[in-house]
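Chemist: Structure, please.
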Amino acid sequence: MSHQTGTEPTGAEQAALRDRLAALRGPGRQPRPLDSRALTALAANPGCSRRALLDSAGVDKAALAEALGAPANFGQSQFAFARGHAFEAGATRDGGLELVRLLCAHTGQVPPDPQLLECPDLTAEGQEGRIESTREALARAQTHGQGGEEARQGRPGSWSVLLHPMVRLTVAGAPVCLEPDAIVVDGDAGVTIVEIKSFPILDGSAAPTKVGAATRQAAVYGLALEAMGVRAAESVLLVCPKDFSNLPTAALVDMRKQLAAVRRQLHRLTRVEELTAALPAGTSFDLDLPPDRLAGAVDSVPAAYAPECLAGCDLAFHCRSQARTGNDPAVLGRGTRAELGALTTVKAALDAAHSDPPPPEPEGAAHPAGPSDPPDPAVLALRRAARLRAEVLGPHNGTGPHGATGPGSDGASGSDGASGSDGASGSDGASGSDGATGPHGATGSGPAGGGPCR
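Modeler: You can find the predicted model right below:
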């Protein structure tokens, strides 16, 4: 299988690909732009061809899930959206002077004279125009830094703040336009990515999952800058409200680990050309199609469902329903699915857990075809877990058809082997890894609906 190599397709190939993706969206439908949040979610599950294709085609997955009868129940409230915009406007006032002050407070640099602070106008016609404008502004800002005319005359280099620049990154063979919150170029020509978020920093600390997600977004921007020939700093300036106020504070967060992880995961994505070539003839994700045809088109693209998808993908509930119908152990979590090995269905795992071991062979027995293969370690672990569970529950504790308590269809209360829906009340991944017991008899662990954050 061919994967992304970082090379951009030619103009003719891009035009053919755009026409093919436009046909998948449906006539007259504009593509939904792919942002860094979607890219980080996609990078967290690079084996999901369904999300890669739909995101590359610009299909509105929220509207698609609504048409399929499985809408997602997450999103940002209008109040939080407005508050975030108000906070960002305050943090970037005066041409980004506050951002520069916060950066200098962490790096130990001397804040520049406000007259030496530049905030270039990046407006241009279309995305290509904005990308070119950003490229020119970055080159000019680095030239005006140390090594430019100011440094040759013994004066400090000027600083530049690029607000809402536009950069481009090739993902799975398709170009994606991204818009960072801000980029600061200091007097030494150093480039720092700025992420402005509305979650608070309380007493110098913030929610680790939110900080991790913001750092991964910044890593995507760092890769896009690398593709433009600009090397950014290894730390991102995370700007958030201080405590319970609306005053900005900041922290420098190392993003080297996230940069390496996102780069590796994006390179694992299958190219869009391969995904479109594997589709049946006449496949379309046009929202005006009847629900049964639309569901058939979506199900024709392989998915890699995991409970973590519920935190960041609009199609997660549809994919979960499909995985349950197919008796896929992925509904129990990635860890459980990996430990089951060759047992590819929940039924196969339950049958293995309650199967009888083969009788011991007498000593000196001949093996005409050589010694028999050793039993599957997953089967042995499942048998041991089932035996220990039966010993703990005893024979008179209302055991189900497989020796498990409750009326669940898989031998446990709930639809996927635990209480509630997949081991939690109402959603997957809320308690451990769907609260299901793995083949070693231990409860799976993992963040609750953590999406790309682990």
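
Chemist: Identify the residues contacting the closest residue to Arg130 other than its chain neighbours.
Modeler: Nearest residue to Arg130, sequence neighbours excluded (Cβ to Cβ, 6 or more residues apart in numbering): Met166, at 4.0 Å. From N, CA and C alone the C-beta is placed, and that goes for glycine too. Met166 sits next to Leu122, Gln127, Arg130, Ile131, Ser133, Thr134, Cys177, Leu178, Glu179 when contact means Cβ atoms under 8 Å, 6 or more residues apart in numbering.

Chemist: The first one should be in a strand, yeah?
Modeler: No. Applying DSSP: H, G, I helix; E, B strand; the rest coil, one finds Leu122 to be coil, outside a strand.

Chemist: I'd like to know how far it sits from Ala182.
Modeler: Leu122 sits at a distance of 11 Å from Ala182 (criterion: Cβ to Cβ, to the nearest Å).

Chemist: Check the fifth one too.
Modeler: Relative to Ala182, Ser133 is positioned 15 Å away (Cβ to Cβ).

Chemist: again, but for the fourth one
Modeler: With the distance defined as Cβ to Cβ, Ile131 ends up 16 Å from Ala182.

Chemist: What segments of the stretch 51-200 of the chain are helices?
Modeler: For the stretch 51-200 of the chain, the helices defined by DSSP state H, counting those that start in this stretch occupy 61-67, 78-91, 93-107, 126-144, 149-152.

Chemist: How about the fourth one, which residues are buried there?
Modeler: What that stands for is helix 126-144. By 16 or more other Cβ atoms under 10 Å, the buried positions in helix 126-144 come out as Arg130, Ile131, Ser133, Thr134, Arg135, Ala137, Leu138, Ala141, Gln142, His144.

Chemist: And Ala297, how close does it get to Phe317?
Modeler: For Ala297, the distance to Phe317 equals 17 Å [Cβ to Cβ].

Chemist: ditto for Ala352
Modeler: Distance from Ala352 to Phe317, counting by Cβ to Cβ: 29 Å.

Chemist: rewinding a little: which stretch among the helices of the stretch 51-200 of the chain comes nearest Thr215?
Modeler: Taking Cβ to Cβ, helix 93-107 is the member of the helices of the stretch 51-200 of the chain nearest to Thr215, at 15.1 Å.

Chemist: quick check: angle from that closest one to helix 78-91?
Modeler: If you take axes from the mean of the first three to the mean of the last three Cα atoms, to 10 degrees, helix 93-107 sits at 80 degrees to helix 78-91.

Chemist: ok, residues contacting helix 93-107?
Modeler: With Cβ under 8 Å, 6+ apart as the test, helix 93-107 has contacts from 90-92, 109-112, 114, 117-119, 159, 161, 163, 182, 184, 186, 192, 194, 237, 239, 248-252.

Chemist: Over to stretch 242-249?
Modeler: So stretch 242-249 is contacted by 86-87, 90-91, 98, 102, 200-203, 239-241 (Cβ under 8 Å, 6+ apart).

Chemist: one more time with 10 Å
Modeler: Identification of contacts with stretch 242-249 by Cβ atoms under 10 Å, 6 or more residues apart in numbering yields 83, 86-88, 90-92, 98-99, 101-102, 105, 196, 198, 200-204, 206, 238-241, 250.

Chemist: Which of those residues are buried, as a ChimeraX select command?
Modeler: In ChimeraX, a selection of the buried entries from the contacts of stretch 242-249 looks like this (16+ other Cβ under 10 Å):
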select :87,88,91,92,98,99,102,196,198,200,201,206,238,239,240,241,250
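
Chemist: Mind jotting down where the strands sit in this protein?
Modeler: If DSSP state E is used as the criterion, the strands of the chain fall at 117-118, 159-163, 167-171, 174-178, 182-185, 191-196, 235-241, 248-254.

Chemist: Relative to the shortest one, what are the paired strands and their orientations?
Modeler: Strand 117-118 sits in its sheet next to strand 159-163 (parallel), going by DSSP bridges.

Chemist: what does the last one give?
Modeler: Note on strand 248-254: by DSSP bridges, its sheet partners are strand 235-241 (antiparallel).
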